[in-house]
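> fold the stuff below for me.
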Amino acid sequence: MKKIILLIIVCCATAIATAQQTERFTFATSVGTGIDMNELATTPFTWQALGYYAINKRLSIGIGTGLSIYEKTLIPLFADAKFLIIKPGKFTPYIECGVGYSFAPDKNANGGFYLNPSVGVEYSICRSKKLFLAL
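As a prediction, the model looks like this:
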């Protein structure tokens with residue numbers, strides 16, 4: 001039963017905690033999880049901190065870093081692009097992709113190519129605060 005509940009939660013979303021926005025710059029943090037690939041694995045955990053620059057009202061580019069823990073710990077450093085599919089409103093669907101490299105702080109682990117595509121919806125709590133739900 002626990003695995004089914006975890007699977008439903010993971011499939012439904014990764015919650016991005018809060019975003020703070022100035023006229024052109026947006027700062028965001030995200031917390032998420034994934035599905036473990038075998039019984040011996042631990043439950044994946046990810047945390048990211050991102051800074052975006054708004055090119056226009058629908059397209060933003062930025063950089064990010066964070067922490068990814070699965071069986072080994074990795075520290076990704078990546079470029080990110082986010083595109084709002086429709087005009088920004090209370091609920092706005094978006095697509096996003098981060099590309100970069102993950103560094104391994106442990107000598108027994110290897111870093112490597114980092115790719116993080118997602119699709120989600122942005123919910124405007126107030127003018128400068130938003131909540132994101134992504135897969």
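
> for the chain, give me the ranges with low pLDDT.
1-22, 36-41 (pLDDT under 70).

> strands along that one, start to end?
Ranges of strands in the chain, per DSSP state E, are 14-16, 18-21, 25-33, 45-54, 59-69, 73-84, 91-103, 112-124, 130-134.

> and the fifth one, how far from the chain's centre?
So the one you mean is strand 59-69. The gap between where strand 59-69 is centred and where its chain is centred comes out at 7 Å by Cα atoms, centre = their mean, to the nearest Å.

> how far off strand 91-103 does it point, in degrees?
Counting by axes from the mean of the first three to the mean of the last three Cα atoms, to 10 degrees, strand 59-69 points 50 degrees away from the direction of strand 91-103.

> repeat for the fourth one
Strand 45-54 and strand 91-103 meet at an angle of 110 degrees, taking the same axes, to 10 degrees as the criterion.

> for the last one, same thing?
Per the same axes, to 10 degrees, the angle that strand 130-134 makes with strand 91-103 is 70 degrees.

> centre-most residue in the chain?
The central residue of the chain, meaning the one whose C-alpha is nearest the mean C-alpha position (Cα atoms, centre = their mean), is residue 30 at 5.4 Å.

> surely it touches residue 48?
Yes: the pair residue 30 and residue 48 passes the contact test of Cβ atoms under 8 Å, sitting 4.6 Å apart. Where you see a C-beta, it was placed from the backbone N, CA and C, and this is true even at glycine.

> okay, and the common contacts of the two?
Taking Cβ atoms under 8 Å, 6 or more residues apart in numbering as the contact rule, the neighbours common to residue 30 and residue 48 are residue 66.

> list the buried residues in stretch 54-65.
The neighbour-count check on stretch 54-65 (16 or more other Cβ atoms under 10 Å) flags 54, 60, 62, 64 as buried.

> which one of those residues is nearest residue 121?
The nearest member of the buried residues of stretch 54-65 to residue 121, counting by Cβ to Cβ, is residue 60 at 15.7 Å.

> isn't the closest one right next to residue 51, touching?
No: between residue 60 and residue 51 no contact is recorded; they are 9.9 Å apart, counting by Cβ under 8 Å.

> which neighbours do those two share?
Common neighbours of residue 60 and residue 51, counting by Cβ under 8 Å, 6+ apart, are residue 26.
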